[in-house]
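Colleague: Kindly generate the corresponding structure for this input.
(chains A and B)
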Protein chains: 2
Amino acid sequence: MSNASSPVSHGPQDGTHRRPYEAIQWRDDALWLLDQTSLPWRVDYRRITDGDSACEAIRALRVRGAPAIGIAAAYSIAAVSHALDPRTDLVTAFVEVEGTAAALAATRPTAVNLRWAIDRVRAAVTGATTSAEVAAITLATARTIHAEQASADIAMAAAGAALLGNEPSLVITHCNTGPLATGGGGTALGVIIEAQRRGLISEVLVDETRPRLQGARLTSWELKQHGVPHHVITDGAAAGLLGSRGVGAAFVGADRIAANGDTANKVGTFPLALACQYHGVPFYVVAPLSTFDLATADGVSIAVEERDPAEVLEAEGVRLAAPSASALNPAFDVTPAALVTAFITELGVLRPPFAATLRQALGARGATIPVESVHLT
Amino acid sequence: MSNASSPVSHGPQDGTHRRPYEAIQWRDDALWLLDQTSLPWRVDYRRITDGDSACEAIRALRVRGAPAIGIAAAYSIAAVSHALDPRTDLVTAFVEVEGTAAALAATRPTAVNLRWAIDRVRAAVTGATTSAEVAAITLATARTIHAEQASADIAMAAAGAALLGNEPSLVITHCNTGPLATGGGGTALGVIIEAQRRGLISEVLVDETRPRLQGARLTSWELKQHGVPHHVITDGAAAGLLGSRGVGAAFVGADRIAANGDTANKVGTFPLALACQYHGVPFYVVAPLSTFDLATADGVSIAVEERDPAEVLEAEGVRLAAPSASALNPAFDVTPAALVTAFITELGVLRPPFAATLRQALGARGATIPVESVHLT
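Modeller: Numbers count the residues shown, from 1 in each chain, chains lettered A, B, ... in the order given. Below you'll find the model as predicted:
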C-alpha cells in the first residue's frame, strides 16, 4: 500500500498482456490502471488500493470510457476490501464498501455504467458473513463485470462489422471507444478494429475530440497498435469531410442511453450525428446493455457533467485562449434518438422504434448473457 | 526597409489608433500588420515593404479574415511600389506590381476577396505613366478598398443588429470576424459589437475554432476590448448548448459565397449551421459584397484550402496527438445555402431565394457605395 497510486512504467514487452496494453488489471491484490492521461507519450500504470486514489483516477480521466469506469469502480471496491486487515470485522468491512461505493458514484454523473457496476457489487456483497468474504465477493463480482464486458465487446464487434458492405469503407468515429474505454475489445472502436481484420475498412477519420483530445491521443494510438490506417481531423471538419470524402458509416459509443433512445455521449457527438443525417451516412451507437437506462425517460432528464473550464482554455498544460477568457465545458451532449440509425449491443442490432426495441432488449437482460472464454488479467 | 517584417511592439496607448488596435495600418510609406499569430499574448506589428514578407504574413495567418487579406494584399502592392527607387522606369514598376500580385494571389485559394482586391489594384494602375504614379495609384486604391470595407462594416453592423429582438439575446459566433478580420469594424463580430452597444446582447458563445483557435485567441480578445460578455466553448459543444441555453441567433462571416448562396467559411461553420437548423436558431452570414462570387455557381466549385496537418496535431507549439498520427486539415467547409437564414451585406439583408436576391444585389454593386467618413490610419 505504500506505493498506492504511484506511477510505474510497464512496457508492452513484460509478457503480462494479451494485447500490447490492458487498461484495467487486477494483480497482487490491487487494481492497476493504465494512466490514460499519460498516453500516447508514456505507458504508465497506477496501483490503486484506496478509495481516494480510485476517485481521483476516475475524476482526472486516468481511466475513462463508460464501461471502463464501471469496471474500475468495481475493482476499486475489491481493492479497498483486500487492503483491509484480515481481522477486520464484518460491519467495518461493509462500512468501507459503502463509503467507497458512495464516493465512487459521485465522481462522474453522466455515464450510467458507473452506478450500475457499483450497485451490482453492493448487491452481491450483502450475503457476506466475514470481511474475507467481502473481499472475495467484491473481486469475483468485479471480475464478472469485466468478463461480461469483454464478452459483450466481442459480440458487438461482430454485429457491427456485419453492417458494413463487402467493399472497404471509410468510417468516422468520435472520442475513444477502444480497449482503453472498456477493458475489453472496445465498443465503437472494437467494431472498427474487427471490421479492419475482415478487410472492410479503407481508413478511419478520427475526430480529435476537444477538449481532452481522446481521439487525437488515444484512438489514434490504439488504431496504430492495431494497424488500422487513419487520419485525425478537427471535430468541426467532420461535416465537410463526410460529404467530400464519401464516408460509409459513423460508429460512436455512449455514456447513457435513455428509454426513448436519446444518447448522451462525449461532447461533439450530436453535431456528428446531424452531419451524418444531412449526408445520409448511417450513424451507429455501439454500447453494451449496461449503458441503457430505462429509468431515464429521455435525453432532457440526463445530467450532463460540467467540467473545469481550464480543459477548454488549455491543452497539454499550454494556454490556448486569451488570458481573460472564461469557458463553458459540458463534457457530454445528447444526440436525439431520431438521428441514430441503430444501436449495436451484445444482443444484436436494435433499430427504431427504439422505445419498443430497447424495452424488449432490456427485458431480455435477465437472461443469461454468455460469457465467452476470454483471457482477463 | 532594413527592418522589413521585423516585429515591433506598439501598445494601444501610442495614440495612433482609433480603436485600441488596428489590424492594418499604412505608415511611413509601408504596410504595418498587427501580427495575429502573437495575439492575445503580444501586440506586435510587422512592417511590410516587400512581396515575400507580404506573402509570408498572409500564408502564416499573421493577417487573416477574408476582407483583411484583400486589403493587406492591396497595401502590399502599394508598399512594394513605394519601396522602388524613384528613378525606376515604368515597365519595371509594372513588372514589380504584376509579380507581387501573382505571388499574393497564390497564397490562399478560398477567400475571393483576395483576388478581387488584387485585381482591382492591377486594373487601377494600368493608366499610370510613371513609377511614381504606380505608387500613388496603388496606394490610393488600397485606401479606397480599406475605406469601403470600413463603410460596409458600419452598414452591416446596423443591418445585423436590427435583426435582434428588443430583449438581450445570447448569440453564438465562429472563428474571428471582428476588426482584426476586416481592418474596419468587423463583419459578424461587428454586428455583435454594435448590438452590444444597443443593449441587445446578454452574452456571446465563442466557438474556439480549431485548429488555429481564432475564436479562443482573437474573438475572445476582441470581445474583451469591447466589453462584451462571453464564454469560449469547444466547437463540438455548440450543438448541445444551442438547445440547452436558448441561443437567439448565430452570426458568422464568409470567405466566398457562390451564386446560389452556398457559403465557404472557416471549417466548423457547416456543423454550426446544421445545429442551428435543428434548433430553429436563425443562422446569419455577414459578408460584404466583395465576398460574393457570382462566377462560382455553387459550393462544389469552391476550392477548399488544405493546410499543414501540423496545425491539427499541434497547438501553440505543443504536440497534441499520438507521435505516429497524421491529419487532414481542410481550412474551410461549405455551408449549403438552404441552411442560411439570410446574408447581411452593406446593401441590407438578403433572404431566399438567394439565386435571385444575390444576383440583384450584385447587379447593384456598380452603383455608388457611400464611403462614410471613417478614420483610417
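Colleague: Can you name the residues that contact the residue sitting furthest away from the middle of chain A?
Modeller: Distance to the chain centre peaks in chain A at A:Arg87, reaching 36.1 Å (criterion: C-alpha atoms, centre = their mean). By C-beta atoms under 8 Å, 6 or more residues apart in numbering or on different chains, the contact list for A:Arg87 reads A:Ser131. Using the backbone N, CA and C atoms, a C-beta is placed for each residue, glycine as well.
Colleague: same thing with the one 3 residues further on?
Modeller: Taking C-beta under 8 Å, 6+ apart, we find A:Leu90 in contact with A:Ala128, A:Thr129, A:Thr130, A:Ser131, A:Val134.
Colleague: Which of those has the largest number of neighbours?
Modeller: A:Val134 (27 neighbours; other C-beta atoms under 10 Å in any protein chain shown).
Colleague: give me every residue that touches the residue of the stretch 251-377 of chain A found nearest chain B.
Modeller: At 2.6 Å from chain B, A:Gly268 is the closest residue in the stretch 251-377 of chain A, using C-beta to the nearest C-beta. Under the criterion of C-beta under 8 Å, 6+ apart, the contact list for A:Gly268 reads A:His174, A:Cys175, A:Asp207, A:Thr209, A:Arg210, A:Asp235, A:Asp333, B:Thr234, B:Asp235, B:Gly236, B:Ala237.
Colleague: okay if I get those residues as JSON lines plus secondary structure, pLDDT and distance to A:Ala250?
Modeller: Listed next are these as JSON lines, based on DSSP: H, G, I helix; E, B strand; the rest coil; pLDDT from 0 to 100; distance: C-beta to C-beta, whole Å:
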{"residue": "A:His174", "secondary structure": "coil", "pLDDT": "98", "distance to A:Ala250": "8"}
{"residue": "A:Cys175", "secondary structure": "coil", "pLDDT": "98", "distance to A:Ala250": "12"}
{"residue": "A:Asp207", "secondary structure": "strand", "pLDDT": "98", "distance to A:Ala250": "10"}
{"residue": "A:Thr209", "secondary structure": "coil", "pLDDT": "98", "distance to A:Ala250": "13"}
{"residue": "A:Arg210", "secondary structure": "coil", "pLDDT": "97", "distance to A:Ala250": "18"}
{"residue": "A:Asp235", "secondary structure": "helix", "pLDDT": "98", "distance to A:Ala250": "13"}
{"residue": "A:Asp333", "secondary structure": "strand", "pLDDT": "98", "distance to A:Ala250": "15"}
{"residue": "B:Thr234", "secondary structure": "coil", "pLDDT": "98", "distance to A:Ala250": "19"}
{"residue": "B:Asp235", "secondary structure": "helix", "pLDDT": "98", "distance to A:Ala250": "17"}
{"residue": "B:Gly236", "secondary structure": "helix", "pLDDT": "98", "distance to A:Ala250": "14"}
{"residue": "B:Ala237", "secondary structure": "helix", "pLDDT": "98", "distance to A:Ala250": "18"}
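Colleague: Can I get those residues in CSV including neighbour count and distance to A:Ser301?
Modeller: Below are these laid out as CSV (neighbours: other C-beta atoms under 10 Å in any protein chain shown; distance: C-beta to C-beta, whole Å):
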residue, neighbour count, distance to A:Ser301
A:His174, 30, 23
A:Cys175, 31, 22
A:Asp207, 29, 26
A:Thr209, 26, 25
A:Arg210, 30, 26
A:Asp235, 28, 26
A:Asp333, 28, 14
B:Thr234, 27, 24
B:Asp235, 28, 26
B:Gly236, 32, 22
B:Ala237, 30, 20
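Colleague: A:Phe135 should be in a helix, yeah?
Modeller: Rather than Phe, residue A:135 is Ala. Yes: assessed by DSSP: H, G, I helix; E, B strand; the rest coil, A:Ala135 belongs to a helix.
Colleague: Could you give the number of residues near it?
Modeller: 25.
Colleague: for A:Pro353, same thing?
Modeller: Neighbour tally, A:Pro353, other C-beta under 10 Å: 10.
Colleague: The one 4 residues further on now?
Modeller: Neighbouring residues of A:Thr357 were enumerated by other C-beta under 10 Å; the total is 18.
Colleague: Roughly how far does it sit from A:Pro109?
Modeller: From A:Thr357 across to A:Pro109, the span is 27 Å (C-beta to C-beta, to the nearest Å).
Colleague: Excluding chain neighbours, give the residue nearest to A:Gly127 in space.
Modeller: Nearest residue to A:Gly127, sequence neighbours excluded (C-beta to C-beta, 6 or more residues apart in numbering or on different chains): A:Ile137, at 7.4 Å.
Colleague: That neighbour: neighbour count?
Modeller: 19.
Colleague: Please read off the pLDDT at it from the model.
Modeller: We have a pLDDT of 98 for A:Ile137.
Colleague: just checking, what packs against the helix or strand hosting A:Leu241?
Modeller: Per DSSP states H and E, A:Leu241 falls inside helix A:238-245. If contacts are counted by 3 or more C-beta pairs under 8 Å, 6 or more residues apart in numbering or on different chains; DSSP states H and E, helix A:238-245 sits against strand A:169-173, strand A:201-207, helix A:269-279, helix B:269-279, strand B:332-335.
Colleague: Export only the CA atoms of it, formatted as CSV.
Modeller: Output of helix A:238-245 as CSV, limited to C-alpha atoms (Å, rounded to 0.1, in the frame of the first residue of the first chain):
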residue,chain,number,x,y,z
ALA,A,238,-16.3,16.2,-39.9
ALA,A,239,-19.4,17.7,-41.5
GLY,A,240,-17.5,18.9,-44.6
LEU,A,241,-15.4,15.7,-45.0
LEU,A,242,-18.5,13.4,-44.7
GLY,A,243,-19.6,14.9,-47.9
SER,A,244,-16.4,15.4,-49.8
ARG,A,245,-14.7,12.0,-48.8
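Colleague: what does that helix rub up against?
Modeller: Residues external to helix A:238-245 that are found in contact with it (C-beta under 8 Å, 6+ apart): A:170, A:172, A:205, A:207, A:233, A:247, A:271-272, A:274-276, A:278-279, A:281, B:267, B:270-271, B:274, B:304, B:328, B:330, B:332-334.
Colleague: Same check on stretch A:358-365?
Modeller: Outside stretch A:358-365, the residues touching it (C-beta under 8 Å, 6+ apart) are A:Ile257, A:Ala259, A:Asn260, A:Gly261, A:Leu289, A:Phe292, A:Leu294, A:Phe343, A:Thr345, A:Leu347, A:Leu350.
Colleague: With distance to chain B, secondary structure and neighbour count as extra columns, can I get the residues you listed in TSV?
Modeller: TSV is the format used below for the contacts of stretch A:358-365 (distance: C-beta to the nearest C-beta, whole Å; DSSP: H, G, I helix; E, B strand; the rest coil; neighbours: other C-beta atoms under 10 Å in any protein chain shown):
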residue	distance to chain B	secondary structure	neighbour count
A:Ile257	16	strand	32
A:Ala259	19	coil	19
A:Asn260	16	coil	19
A:Gly261	16	coil	25
A:Leu289	25	helix	20
A:Phe292	20	strand	28
A:Leu294	23	coil	15
A:Phe343	20	strand	28
A:Thr345	24	strand	28
A:Leu347	29	coil	20
A:Leu350	23	strand	24
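Colleague: show me the contacts for the spatially closest residue to A:Glu314 that is not a sequence neighbour.
Modeller: Spatial nearest neighbour of A:Glu314, chain neighbours left out: A:Leu320 (6.0 Å); criterion: C-beta to C-beta, 6+ apart. By C-beta under 8 Å, 6+ apart, A:Leu320 lies in contact with A:Val312, A:Leu313, A:Glu314, B:Glu208, B:Leu213, B:Ala216, B:Arg217, B:Ala315, B:Glu316.
Colleague: Just to check, A:Thr182 is in contact with A:Leu189?
Modeller: No: using C-beta atoms under 8 Å, A:Thr182 is not in contact with A:Leu189; the gap is 9.1 Å.
Colleague: Tell me which two of the contacts of A:Leu320 sit farthest apart.
Modeller: A:Val312 and B:Glu316 (14.0 Å; C-beta to C-beta).
Colleague: Count the neighbours of the closest residue in space to A:Ile24 that isn't next to it in sequence for me.
Modeller: Using C-beta to C-beta, 6+ apart and skipping residues adjacent in sequence, the residue nearest A:Ile24 is A:Gly183, 3.9 Å away. The tally of other residues near A:Gly183 (other C-beta under 10 Å) stands at 30.
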